[in-house]
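[1] Provided below are the primary sequence and the corresponding predicted coordinates.
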Amino acid sequence: MDASTTYSRRRMLAAATATVVPLAGAAWALLSSSSNGQSSGKSEPALTPTDTWNPIIRINLTPEPIDELRISVDGPFRISAPGSPRVLAQEQRLSESPVTTDGKNIRLRDASFPISQIEIVPVRPPSIWVGDSLYRGTIRIFRQPDNKLIAVNVLPLEEYLASVINSEMPASFPRAARQAQAIVARTYALSVMKGHPRFDLFATSRSQKYLGNQYRDTSGRRLAGETDGSREIVRETSGIICTWRGKLFSSWFSAVCGGRTTNGASVFTDAVGALKSVECEWCRDAELYRWNKSFDLQDVSRRLAEHFAVDGSDFGTLQSVTEIPGTAGDLPHYSVSDGVKTLRIAGSTFRRAMPYGELYSPRFAATIAGNEVRFSGRGSGHGVGMCQWGANGLGKAGRSALEILRYYYDGIETVRLRPS
Ligand SMILES: [Zn+2]
């Protein structure tokens, strides 16, 4: 890219100067008391104006800030500073190029921008690739004080959801389950739009999975992140959210509960009363309904020792893991012993101490056998809220999306954020 020739005070295209319609109206008034992200829909000059029910959402594509991004753009685009009408550069396309920072500038190939953030705005989205995913909307790149970068995809909520549905749930799941997933994902997204200066959600299961419009697998094959089917589910449920006592809430969900969902209040500080534990045998077809997995004893012991060292406790080689009796449906806690001392640890903490995603759930029994710790577990994920494989089972049994939602979220109502 030869940005030097276009680094000027060129005016932005008239079509891009439209301001986004402020979020307002009766449906949003209902939500205003729960401090949703009304402000995040403003000052977004780069995108088409959106309706009140479809605000602009900002997705962090780099949960850990990184040294170098790889970006390409499949058509005409410009670069500006977020919120500024000034065009810093524009080109007809961009072949895959590194984006780096030296602490003062953001560098894109041979162009250098002496600012802390830039926004890549394509003329015809989706056309920006970040790594192995193609995204709708625009991409913002922020320079961190530690010389690392974060990339944020900015797009209308409903376009984002068309990818989330497929990213979170197989296309083979029943329509009702996928409709329920759309409503829960929309509710969750809106509930967390609380004004982080740079982004609203992560693109991973830390928030909810989002693969983008397309993505490349490890062999370079292009796969669809969204499809006609997922877009149809979004249209069918457009603007519909769950409320509890008239407000948005964090509608947590997880993959497989393993027989009983987990009481939300025992896991998350923001859990509302709707997130009660319920019996669920609807997920029994899931591969991870029950599972066995072994880990190296010394590795598990070292990880536990690192965890307990934060609180100043020593811990040696693990000798036993015993579940502490508690209330059915609450997050399990365990006592772990190295033969000298016995310490308490929550199942979710134990899971986080292990390599990411390796211990499928916080619900397990564990025994020591030689140099191994053998886990026998139930389900996958934290277990709070809608069980996705349970929604699959309920959908196959003929339940509607609303019935699925009411099964997992006690006492909720559904609201449509625009006239039907
Ligand atoms: Zn379940």
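    Structure received.
[2] What parts of the stretch 201-350 of the chain come near the ion?
    Counting by CB under 5 Å from the ion, the stretch 201-350 of the chain comes close to the ion at C257, C280, C283. (Each C-beta comes from the backbone N, C-alpha and C, glycine too.)
[3] pLDDT wise, what is the first one at?
    In this case it means C257. We have a pLDDT of 98 for C257.
[4] unless I'm mixing things up, it is touching G385, no?
    No - with contacts counted by CB atoms under 8 Å, C257 stays clear of G385, the gap being 9.2 Å.
[5] The two - which one has more neighbours?
    C257 (35 against 29; other CB atoms under 10 Å).
[6] Let me know how buried S400 is, in neighbour terms.
    S400 is flanked by 14 other residues according to other CB under 10 Å.
[7] quick one, phi/psi of the nearest residue to it once chain neighbours are set aside?
    In space, S400 comes closest to A176 once its chain neighbours are excluded; the distance is 5.4 Å by CB to CB, 6 or more residues apart in numbering. As for A176, its main-chain torsions (degrees, to the nearest 10) stand at phi -60, psi -40.
[8] got the contact list for the residue lying closest to Q92 once chain neighbours are set aside?
    Sequence neighbours aside, P76 is the residue nearest to Q92 in space, at 5.2 Å (criterion: CB to CB, 6+ apart). Applying CB atoms under 8 Å, 6 or more residues apart in numbering to P76 gives the contacts Q90, E91, Q92, R93, P122, V123, R124.
[9] swap in S361?
    Listed by CB under 8 Å, 6+ apart, the contact partners of S361 are V256, G258, L288, G347, R351, G377, R378, G379, S380, G381, H382, G383.
[10] let's see 6 Å
    For S361, the contact set (CB atoms under 6 Å, 6 or more residues apart in numbering) comprises G377, G379, S380.
[11] With S116 instead?
    Taking CB under 6 Å, 6+ apart as the test, what S116 contacts is R143.
[12] separation between it and E159?
    In this view, S116 and E159 are 27 Å apart by CB to CB, to the nearest Å.
[13] swap in T414?
    Distance of T414 to E159, computed by CB to CB: 21 Å.
[14] for L405, same thing?
    Applying CB to CB, the value for L405 to E159 is 23 Å.
[15] The two: which is more packed in?
    Legend: neighbour count by other CB under 10 Å for L405 and E159, higher for L405 (28 against 22).
[16] Confirm that that one sits in a strand.
    No - looking at L405 with DSSP: H, G, I helix; E, B strand; the rest coil, it is helix, so not inside a strand.
[17] Let's verify the closest residue to it other than its chain neighbours: helix, strand, or coil?
    Excluding its sequence neighbours, the residue lying closest to L405 (CB to CB, 6+ apart) is A180, at 5.3 Å. Three-state assignment for A180 (three-state DSSP): helix.
[18] ok, now which ones touch the residue nearest to S400?
    Neighbouring residues of A176 by CB under 6 Å, 6+ apart: G395, S400, A401.
[19] let's go with 10 Å and repeat that
    Neighbouring residues of A176 by CB atoms under 10 Å, 6 or more residues apart in numbering: 391-392, 394-405.
[20] Out of those residues, which end up buried?
    Buried subset of the contacts of A176 (neighbour count, 16 or more other CB atoms under 10 Å): A391, N392, L394, G395, R399, A401, L402, I404, L405.
[21] And those, which two are furthest apart?
    For the buried ones among the contacts of A176, the farthest-apart pair by CB to CB is N392 and L402; their separation is 16.3 Å.
[22] all helices of the stretch 301-420 of the chain, in order?
    Under the criterion DSSP state H, counting those that start in this stretch, helices of the stretch 301-420 of the chain are mapped to 347-353, 388-396, 401-408.
[23] How about the stretch 151-300 of the chain?
    For the stretch 151-300 of the chain, the helices defined by DSSP H, counting those that start in this stretch occupy 157-168, 175-191, 228-236, 297-309.
[24] Show me what the shortest one packs onto, helices and strands only.
    Counting contacts by 3 or more CB pairs under 10 Å, 6 or more residues apart in numbering; DSSP states H and E, the secondary-structure elements packed against helix 228-236 are helix 157-168, helix 175-191.
[25] roughly how far apart are the residue nearest to S400 and Y409?
    Relative to Y409, and taking CB to CB, A176 is found at 15 Å.
[26] likewise L402?
    L402 is 11 Å from Y409, where distance means CB to CB.
[27] residues shared between the contacts of the two?
    Listed as contacting both L402 and Y409 by CB under 10 Å, 6+ apart are A180, C242.
[28] Now do the same contact list for R374.
    If a contact means CB under 10 Å, 6+ apart, then R374 has N292, K293, S294, F295, L297, F364, A365, A366, T367, I368 as its contacts.
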